[in-house]
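**Student:** Sequence first, predicted model second:
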Amino acid sequence: MSTYAERAEQCTNQTAKKLLSLMEEKKTNLAVSPDVTSAAELLDILDKTGPEICLVKTHIDIITDFSPELINKMVELKEKHNFMIFEDRKFADIGNTVQMQYAQGIYHIVDWADMVNAHAVPGPGIIDGLKEVGESKGRGLILLAEMSSEGNLATGEYTEKTLQMAKDNPDFVIGFITMKKQLDDPNFINFTPGVKLVEGGDDLGQQYNTPAKVIGEQGSDVIIVGRGIYGADDPAAEAKKYREEGWKAYEGRL
Ligand code: S5P
């Protein structure tokens with residue numbers, strides 16, 4: 001299996017290249033998902049876990065006291081700790097609408113998020129719409145090929161068609177939300193949510209696998225951890241544990 005550094009060389013998209021290089025350089029395949037609702041809490045978790053992560057995944061629309069100042073501060077932390085930003089917007093509409101959701105409104109996501117994700121359900125027009133706005137800024141798009149929640153519909157033919165949409169747009173699509181490695185193509189990065197140090201789930205259908213399983217056995221590239229880190233008493237120490245587990249599993253599979 002290729003190293004993150006080797007894959008960075010082969011990528012066409014500059015955001016994918018940057019992420020893979022950063023992962024190798026910082027020796028981390030951990031993305032933190034601080035799904036908290038206040039700006040201060042978000043910034044606090046990000047400052048504490050920043051040294052351990054390659055990426056932060058945000059849900060900007062759950063912040064109750066959002067202001068553009070939050071974005072400035074997040075970008076300051078990004079520079080301080082050297083990580084990238086993924087806004088988990090899960091676009092799911094026609095191309096014309098998602099373009100506006102991506103660039104306009106109060107969040108202006110395209111201006112600060114290195115990458116965003118989208119569902120494939122509307123068909124390729126969703127990629128075309130996002131690409132028209134994001135490509136010139138060097139942004140990357142992640143498609144949801146699979147989901148972590150019980151009973152989800154992103155399986156079989158749906159997943160296959162999603163992968164095909166990515167193959168048709170290798171300049172803008174940088175990878176997948178998926179439970180396992182998809183495609184034998186070094187261009188695409190596999191991002192896996194639903195990760196905890198012990199397997200299990202929550203009472204709303206979330207299902208958890210361990211870093212060892214996700215990276216080591218299933219061949220994914222990036223672990224996305226929410227409650228496992230921000231729900232801990234010491235998020236910094238917990239992030240360090242996930243980072244070590246994730247990296248050990250990566251080295252083990254090389
Ligand atoms: O299939 C998915 C896709 C995503 S992006 N399942 C997920 O759980 N996610 C996101 O990952 C979800 O929106 C949340 O932000 C995070 C998982 O959080 P946790 O607290 O369960 O680790």
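**Tutor:** Looks like it arrived, so ask away.

**Student:** Quick check: pLDDT value at Ala40.
**Tutor:** At Ala40, the model reports a pLDDT of 98.

**Student:** again with the one 5 residues further on
**Tutor:** The predicted local distance difference test score for Ile45 is 98.

**Student:** so it touches Asp234, yeah?
**Tutor:** No: contact between Ile45 and Asp234 fails when scored by CB atoms under 8 Å: they sit 11.2 Å apart. C-beta: built from backbone N, CA, C; applies to glycine.

**Student:** Specify which residue of these two has the higher count of neighbours.
**Tutor:** The residue with more neighbours, out of Ile45 and Asp234, is Ile45; 21 against 11, by other CB atoms under 10 Å.

**Student:** How about that one, nearest residue that isn't a chain neighbour?
**Tutor:** Pro34 (4.1 Å; CB to CB, 6 or more residues apart in numbering).

**Student:** dump the residue contacts of that neighbour.
**Tutor:** Taking CB atoms under 8 Å, 6 or more residues apart in numbering, we find Pro34 in contact with 41-42, 45-46, 49, 56, 58, 226, 229-230.

**Student:** Now cross-check the residues you listed against the ligand and list the overlap.
**Tutor:** Counting by CB under 6 Å from any ligand atom, Gly226 from the contacts of Pro34 sit close to the ligand.

**Student:** could the contacts of Pro34 be laid out in TSV, adding secondary structure?
**Tutor:** Below are the contacts of Pro34 laid out as TSV (DSSP: H, G, I helix; E, B strand; the rest coil):
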residue	secondary structure
Glu41	helix
Leu42	helix
Ile45	helix
Leu46	helix
Thr49	helix
Val56	strand
Thr58	strand
Gly226	coil
Ile229	helix
Tyr230	helix
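
**Student:** Show me which of the contacts of Pro34 is closest to Asn187.
**Tutor:** The shortest gap between Asn187 and any of those belongs to Val56, at 22.9 Å (CB to CB).

**Student:** Around that closest one, count how many other residues there are.
**Tutor:** For Val56, the tally of surrounding residues (other CB under 10 Å) stands at 25.

**Student:** What segments of this protein are helices?
**Tutor:** In the chain, the segments counted as helices under DSSP state H are 4-10, 14-26, 39-49, 68-81, 95-103, 125-134, 156-167, 211, 227-230, 235-253.

**Student:** With respect to burial, which of the ones you listed scores highest?
**Tutor:** helix 211 (a mean of 27; mean count of other CB atoms under 10 Å).

**Student:** And that one, what does it pack against?
**Tutor:** Other helices and strands packing on helix 211, by 3 or more CB pairs under 8 Å, 6 or more residues apart in numbering; DSSP states H and E, are helix 235-253.

**Student:** got the residues of the protein near the ligand?
**Tutor:** 33, 35, 59, 88, 147-149, 177, 193-194, 206, 224-228.

**Student:** which of the residues you listed tops the neighbour count?
**Tutor:** Each of those was scored by neighbours using other CB under 10 Å; the highest score is Val225's, at 31 neighbours.

**Student:** surely that one meets Ala31?
**Tutor:** Yes: contact criterion CB under 8 Å: Val225 and Ala31 qualify, at 7.2 Å.

**Student:** isn't Gly175 right next to Ile189, touching?
**Tutor:** Yes: the criterion here is CB under 8 Å, and Gly175 meets it with Ile189 at 3.4 Å.
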